[in-house]
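Visitor: Quick one, fold the following:
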Amino acid sequence: MKKIGIFGGTFDPPHNGHLLMANEVLYQAELDEIWFMPNQIPPHKQKEDFTDSFHRVEMLKRAIGSNPNFKLELAEMEREGPSYTFDTIRLLKERQPDDKLFFIIGADMIEFLPKWYKLDELLTLIQFIGVRRPGFHIETPYPLLFADVPEFDVSSTMLRERLKAKKPTQYLMPDKVKQYIEENGLYES
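Guide: Numbering: from 1, shown residues only. Below you'll find the predicted structure:
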């Protein structure tokens, strides 16, 4: 039995904050692997524009490639329509029936747990790991594990804005991701 952390997101683009969070959760929760799972269409972001899925997957491959405990999970990319965590986790449990799955969520998402699709059923399939962040109130009636991650205030939104404005992004994202972005003309104004 493996202990697998599922880390979902748009990863548009993936950055060092994602990698730092995943690595800290890996060790604090004593997991065997972290599976980075890019979303097709997150239900809470259906009106936003995203970089093409192909490019987000390619950037993620470059971001996680040097860590043998980090894997890419494309379950949500293989489905059409909004990505509900319940449906995805049910599929992953069918594929990995003997493994224990943990779902990593940021402090911002903990507040929204009561609104999650089929949450009570989801809680029978996985264990949530909440990542503490300054400025977010973490109190929940749900059985969460918690991880503390050093504060690294970078976001994909900030990076997209910097890239459009041709401002520096060094030390904020992996060099291989930055190279891919430049080679493919992503995030240009």
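Visitor: Buried residues, the helix or strand of the chain with the lowest mean pLDDT. List them.
Guide: Scoring the helices and strands of the chain by mean pLDDT, DSSP states H and E places helix 107-110 at the bottom, with a mean of 80. Under the neighbour-count criterion of 16 or more other C-beta atoms under 10 Å, helix 107-110 has Ala107, Met109, Ile110 buried. Bear in mind the C-beta positions are built from the backbone N, C-alpha and C, glycine included.
Visitor: So which other helices or strands are in contact with the following helix or strand past it?
Guide: Next helix or strand after helix 107-110 toward the C-terminus (DSSP states H and E): helix 119-122. Using 3 or more C-beta pairs under 8 Å, 6 or more residues apart in numbering; DSSP states H and E as the contact test, the elements touching helix 119-122 are helix 85-95.
Visitor: Now stretch 80-92: buried residues?
Guide: Pro82, Ser83, Tyr84, Thr85, Phe86, Asp87, Thr88, Ile89, Leu92.
Visitor: Apologies, that question was intended for stretch 167-183.
Guide: Thr169, Leu172, Met173, Pro174, Val177, Lys178, Tyr180, Ile181.
Visitor: I figured the fifth one hits Phe11, correct?
Guide: No: taking C-beta atoms under 8 Å as the contact criterion, Val177 and Phe11 are not neighbours in contact, 9.5 Å apart.
Visitor: Overlap in contacts, those two.
Guide: Residues touching both Val177 and Phe11 (C-beta atoms under 8 Å, 6 or more residues apart in numbering) are Met59, Ala63.
Visitor: Can I take it that His18 is in a helix?
Guide: Yes: assessed by DSSP: H, G, I helix; E, B strand; the rest coil, His18 belongs to a helix.
Visitor: picking that back up, let's have the buried residues of stretch 167-183 in JSON lines, adding secondary structure, pLDDT and distance to Met37.
Guide: As requested, those are exported to JSON lines (DSSP: H, G, I helix; E, B strand; the rest coil; pLDDT from 0 to 100; distance: C-beta to C-beta, whole Å):
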{"residue": "Thr169", "secondary structure": "coil", "pLDDT": "95", "distance to Met37": "24"}
{"residue": "Leu172", "secondary structure": "coil", "pLDDT": "97", "distance to Met37": "22"}
{"residue": "Met173", "secondary structure": "coil", "pLDDT": "97", "distance to Met37": "19"}
{"residue": "Pro174", "secondary structure": "coil", "pLDDT": "97", "distance to Met37": "18"}
{"residue": "Val177", "secondary structure": "helix", "pLDDT": "97", "distance to Met37": "17"}
{"residue": "Lys178", "secondary structure": "helix", "pLDDT": "96", "distance to Met37": "22"}
{"residue": "Tyr180", "secondary structure": "helix", "pLDDT": "97", "distance to Met37": "19"}
{"residue": "Ile181", "secondary structure": "helix", "pLDDT": "96", "distance to Met37": "21"}
